[in-house]
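1. No sequence on hand, only this structure:
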């Protein structure tokens, strides 16, 4: 294992350089991972950027922006390589339309020099991956995939490659998650080996005199850290699979960039083309890493889009209208997906989506499906069902997430779903493989009872709080959206399954003509205590609550907005309610309550909504009665100093 040198070693290196005995070599490693066919720009929730968002400079990534960023980064680097750590495939309608053809077109244009095989490269099996590799014309790597018995892949996936950069030989070894047989479709002729298969590939490069070795890993951040401990001869690990952001400047990063483990720098650059990783590494004459630094580049509106690439993407996206018009199934009756239904009671659309999720992963030991009602955005009419209709119901490009939690956590999730029915919050839990009852006369947190699970596939029995259950939901819910915090640290979580809209369309097609139904799996009784209009428009209208607010010392900040307004905002938790009190330009304060949805957590009330990322920046927008909170456009406000309480 080559390590970052000690201070004494660095002194020796400096002395040797002074005498001309040694020469450092500096390499800039540009890298991406988990691109998932996001050739079009994305918005803040990783969905396809809409025109109004682009006009407001609220979009990120896209291959046209990535092309500019790569060109600029190479221009400032003496020596560089561009690598991808896998999962180019799957995640947008462009993949549905073109499979791997767009990646095969744009990756050589960008100048990639190698990519690792990700699990999603196997989503459509060797029949799609094989021709993709042929068309790509670049090294596609995995040391732990043995495809020698698969005719469509034999000889196409190499364990490693050597890239000549500035007269130096750079070895690159690929690695693929060992979960691939369970979460993708490699087929019976592809054997996925343990991670230690990478050691043989590294040793072969070392035997060839290659002293600088990069592990291009699609194993995930946690496994990459373990690999840095267990493998010898690795200088740098460039990772993917876990969609992890490492950064020295970005809020919410999982760790520093690079993360140093056992002297090995580890980097990864989140996902969806939102960032371009840029790591500069200095090697001494023997291949030891003496310095490693950098940070991922955020591809926001400040990075210009390459005009030719943007025009090409626009051209390729045109046929998607035909895809949206494609009839995928037929339904015997209208499928109710209305907000008033799916956020309050068992609804037909909730049953459809939950059953579709469960059917897709039932062979993985998953027995429970939970769908948030706020993720269901429309109904479907009786008769032919188009892909466009399915996408209208499920527009967020959420992916399937599988994980394991206790029965106690499942019950807590159902309680969360039932906690804000009065407000039609999006957290209401539509389910499959479960039955439960809600009593609205009880306080939030104590409303759910009689939770039952299927036992043996055909009999119902009470859930065991201490037992472990396999659950499927979407990635938004699994990561804590809509208040599902009990799932954030779930065991064996995998958030990068197929798109929920595709899963639902396939389920409809397999069960057509589909007969919409409710079957009593969720019963709702009782009447909730009435909620005061607008939570009593101002704190003055609710003196008891005002006393509580004063007692808990809320966080108070002042924001300056781009439209010239000044907002004093106080944020506090009162019991089980998250509140914001806003005063615009010194006016009478307004009380807003949290209203999480598939579009993110927002504070809503008094004809306003307020949302953003953390405390430093937010959006303020008017909100008309009955308006969908996800549709409102607002002005950007930034915190500049503490407000006067």
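-> Done, it's in. Given the structure is predicted, the values throughout are model-derived calculations rather than measurements. Residues are numbered from 1 along each chain as shown.
2. where does this protein have low pLDDT?
-> 1-22, 45, 529-556, 571-579, 588, 594-602, 612-616, 623-633, 640-645 (pLDDT under 70).
3. Could you list the domains of it?
-> 42-317, 327-525, 537-641 (automatic domain parsing).
4. Could you dump those into CSV and include distance to residue 35 and mean neighbour count?
-> Every residue, glycine included, has its C-beta placed from N, CA and C. Output for the domains of the chain, formatted as CSV (distance: least, CB to CB, whole Å; neighbours: other CB atoms under 10 Å):
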stretch, distance to residue 35, mean neighbour count
domain 42-317, 5, 20
domain 327-525, 12, 20
domain 537-641, 22, 16
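5. Between these, which one is closest to residue 31.
-> Checking the domains of the chain against residue 31 by CB to CB gives domain 42-317 as the closest, at 4.0 Å.
6. Now the terminal residues of that closest one, how far apart.
-> End-to-end distance for domain 42-317, by CA to CA, to the nearest Å: 14 Å.
7. Return the distance of that domain from the chain's centre.
-> Put simply, domain 42-317 sits 16 Å off its chain's centre (CA atoms, centre = their mean, to the nearest Å).
8. neighbouring contacts of stretch 377-388?
-> Residues outside stretch 377-388 that contact it (CB atoms under 8 Å, 6 or more residues apart in numbering): 323-338, 349, 389-390, 392-395, 501, 505, 508, 514, 598.
9. from memory residue 203 sits against residue 213, does it?
-> No. Assessed by CB atoms under 8 Å, residue 203 is found out of contact with residue 213, at 10.0 Å.
10. Find residues that contact each of these two.
-> By CB under 8 Å, 6+ apart, residue 203 and residue 213 have these common neighbours: residue 233.
11. how close does residue 562 get to residue 636?
-> 5 Å (CB to CB, to the nearest Å).
12. Next: residue 167.
-> Residue 167 is 48 Å from residue 636, by CB to CB.
13. Likewise for residue 128?
-> 42 Å.
14. which residues of the stretch 451-600 of the chain fall in helices?
-> Taking DSSP state H, counting those that start in this stretch to define them, one finds helices in the stretch 451-600 of the chain at 475-478, 500-510, 543-551.
15. Need the contact partners of the second one.
-> Think helix 500-510. For helix 500-510, contacts defined as CB under 8 Å, 6+ apart pick out 96, 328-329, 331, 352-353, 355-357, 359-360, 375, 385, 387, 390-391, 393-400, 474, 497, 514.
16. how about 7 Å then?
-> Identification of contacts with helix 500-510 by CB atoms under 7 Å, 6 or more residues apart in numbering yields 96, 328-329, 352-353, 355-357, 359-360, 385, 387, 390-391, 394, 398-400, 474, 514.
17. just checking, which of those residues belong to helices?
-> 96, 352, 353, 355, 356, 357, 359, 360, 387, 390, 391 (DSSP state H).
18. Let's have those in JSON lines, adding distance to residue 190.
-> Output for the ones in helices among the contacts of helix 500-510, formatted as JSON lines (distance: CB to CB, whole Å):
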{"residue": "96", "distance to residue 190": "23"}
{"residue": "352", "distance to residue 190": "33"}
{"residue": "353", "distance to residue 190": "31"}
{"residue": "355", "distance to residue 190": "30"}
{"residue": "356", "distance to residue 190": "27"}
{"residue": "357", "distance to residue 190": "26"}
{"residue": "359", "distance to residue 190": "25"}
{"residue": "360", "distance to residue 190": "21"}
{"residue": "387", "distance to residue 190": "30"}
{"residue": "390", "distance to residue 190": "31"}
{"residue": "391", "distance to residue 190": "32"}
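19. Now the two most distant members of those residues.
-> 96 and 355 (21.8 Å).
20. mind listing the strands for the stretch 451-600 of the chain?
-> Assigned by DSSP state E, counting those that start in this stretch, the stretch 451-600 of the chain shows strands spanning 459-462, 468-474, 491-494, 522-525, 555-561, 566-574, 577-584, 590-594.
21. Good, wrapping up.
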